[in-house]
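K.L.:
Compute the structure for the input listed below.
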Amino acid sequence: MDTLHATLRRYVDDGTVPGAVGLVARGDDVEVVAVGSVDADGTAPMARDSLFRIASLTKPVTAAAVMMLVEDGTLALDAPVARWLPELAEPLVVRTPRSPVDDVVPLARPITVEDLLSSRTGWGFPDDFSLPAVQALFSVQKDGRDLRDWPDPDTWLRLLAQVPLLHQPGDAWLYGTSSDLQGILVARAWGRTLPDFLAERIFAPLGMADTAFAASTRQPHRLTASYTRAPDGSLVPADTRDGAWTQVPRFHSGGGGLASTADDWLAFARMLLAGGEGNGRRLLGPKSVRRMTTDHLTPEQRRAAGLFLEGEGWGYGGPALLRREVIG
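P.N.:
Take a look at the predicted model:
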């Protein structure tokens, strides 16, 4: 506990963050430390139940939702996503990653559910943001730290379909876009919204009462402020405690839209560690969890994604150990 507190305290004292919550769990032994303040103004002390925008930690939650629908038989890993996302039936692909957006070729094969899960749809961000197709994607895949100006999912999907793929499906790992596509896929396949699915099928069974796409009306005082960093290293406000994350946006980002607490995230992580069982309920089978946590990339795909993966592998919805398994 002293070591955890000292580590977090150091980052608060040097101005890296205004506050932080740290949680370390070893079996039933859980250590939690809260230091600093919920914002740079020192409005209130950070607390164990403070709410954070968990950004990319949303991705494995969304991937788990997809795998639940695979287990239900609603989806299949090798099924073309155009069955549920017809807007993506015939997108075009730039001839080479450096080609202009009007130098395109047809799809070599359909985009599958597994392509979405492994972030190899052909849409997303590579190491080089200057590529013409990536610049075109920026007009659709806007800053996920503020979703207020994103359109509804159907409109967003139509806009995305007009952007050419940077790579053929399955050929390259790219960051970000595939997880938002997973969120739309869950909603379309299930017939209700992504927030409804996550609340009913994941959050309620695991007791994750504080996780949602916005702070609820009973808990906005627990929402922390968020910041980016200026070139000089100073903190720049990105969202206030009463800002974007107090209302559910039109776009439910499966890639980065959730707010949550340290304890709620622990409940989800423990479910994965237990092979799909948590809070006395089975959400996923062990084989599905193995798929989520096993590297699906080739060595070439890992090397090409060095900026994001830094040599790590990628499972479904998040980094994975560099192990490859034959999962029958």
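K.L.:
S130: how many residues sit nearby?
P.N.:
7 (other C-beta atoms under 10 Å). Bear in mind the C-beta positions are built from the backbone N, C-alpha and C, glycine included.
K.L.:
In terms of helix, strand or coil, where does it fall?
P.N.:
Under the three-state scheme (DSSP: H, G, I helix; E, B strand; the rest coil), S130 adopts coil.
K.L.:
For stretch 140-153, list every residue counted as buried.
P.N.:
Judged by neighbour count using 16 or more other C-beta atoms under 10 Å, the buried positions of stretch 140-153 are V140, Q141, G144, D146, L147, W150, P153.
K.L.:
just stretch 104-112 next, same as before
P.N.:
Applying 16+ other C-beta under 10 Å to stretch 104-112 flags L107, P110, I111, T112 as buried.
K.L.:
Render the CA-only coordinates of it in PDB, please.
P.N.:
Below are the C-alpha coordinates for stretch 104-112, written out as PDB (Å, rounded to 0.1, in the frame of the first residue of the first chain):
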ATOM      1  CA  VAL A 104      -8.600   2.400 -55.700                       C
ATOM      2  CA  VAL A 105      -9.300  -1.300 -56.200                       C
ATOM      3  CA  PRO A 106     -12.200  -3.500 -55.200                       C
ATOM      4  CA  LEU A 107     -12.200  -5.700 -52.000                       C
ATOM      5  CA  ALA A 108     -10.300  -8.900 -52.400                       C
ATOM      6  CA  ARG A 109     -12.700 -10.600 -50.000                       C
ATOM      7  CA  PRO A 110     -15.600  -9.500 -47.700                       C
ATOM      8  CA  ILE A 111     -14.800  -8.000 -44.300                       C
ATOM      9  CA  THR A 112     -15.700 -10.500 -41.600                       C
END
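K.L.:
got the contact list for that stretch?
P.N.:
Here stretch 104-112 makes contact (C-beta atoms under 8 Å, 6 or more residues apart in numbering) with 77-82, 88-95, 121-122, 164-165, 168-170.
K.L.:
do that again at 7 Å, thanks
P.N.:
Residues from elsewhere that reach stretch 104-112 (C-beta atoms under 7 Å, 6 or more residues apart in numbering): 77-82, 88, 90-95, 121, 164, 168-169.
K.L.:
do the same with stretch 203-219
P.N.:
So stretch 203-219 is contacted by 49, 51, 195, 222-223, 245-248, 252, 257-261, 264, 267-268, 271, 278-279, 281, 283 (C-beta under 7 Å, 6+ apart).
K.L.:
Flag every buried residue along that stretch.
P.N.:
F203, P205, L206, M208, D210, T211, A212, F213, A214, A215, Q219.
K.L.:
pLDDT weak spots in the stretch 1-150 of the chain?
P.N.:
1, 144-145 (pLDDT under 70).
K.L.:
any idea how far W314 lies from W173?
P.N.:
6 Å (C-beta to C-beta, to the nearest Å).
K.L.:
tell me the SS of P60?
P.N.:
helix.
K.L.:
residue contacts, it?
P.N.:
By C-beta under 7 Å, 6+ apart, the neighbours of P60 are M292, G317, G318.
K.L.:
which one of those residues has the most neighbours?
P.N.:
G317 leads the contacts of P60 on contacts (other C-beta under 10 Å) with 29 neighbours.
K.L.:
right, and that one touches M292 too?
P.N.:
Yes - counting by C-beta atoms under 7 Å, M292 is a contact partner of G317 at 6.3 Å.
K.L.:
how close does the residue nearest the centre of the chain sit to S234?
P.N.:
For the chain, the residue nearest the mean C-alpha position is K59 (2.4 Å; C-alpha atoms, centre = their mean). Distance of K59 to S234, computed by C-beta to C-beta: 29 Å.
K.L.:
do D210 as well
P.N.:
Applying C-beta to C-beta to D210 and S234 gives a distance of 30 Å.
K.L.:
Repeat that for F138.
P.N.:
In terms of C-beta to C-beta, F138 sits 25 Å off from S234.
K.L.:
What of I202?
P.N.:
37 Å.
K.L.:
Output stretch 296-310 as CSV - backbone C-alpha positions only.
P.N.:
The C-alpha trace of stretch 296-310 is given here as CSV (Å, rounded to 0.1, in the frame of the first residue of the first chain):
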residue,chain,number,x,y,z
HIS,A,296,-3.9,-13.0,-33.7
LEU,A,297,-1.3,-10.9,-35.6
THR,A,298,1.6,-11.9,-37.8
PRO,A,299,5.1,-10.7,-36.9
GLU,A,300,4.9,-8.3,-39.9
GLN,A,301,1.7,-6.8,-38.7
ARG,A,302,3.1,-6.2,-35.2
ARG,A,303,6.2,-4.5,-36.6
ALA,A,304,4.1,-2.3,-38.8
ALA,A,305,2.0,-1.1,-35.9
GLY,A,306,5.0,-0.2,-33.7
LEU,A,307,3.6,3.3,-32.7
PHE,A,308,0.6,1.7,-31.0
LEU,A,309,1.6,-1.9,-30.1
GLU,A,310,5.3,-1.4,-29.4
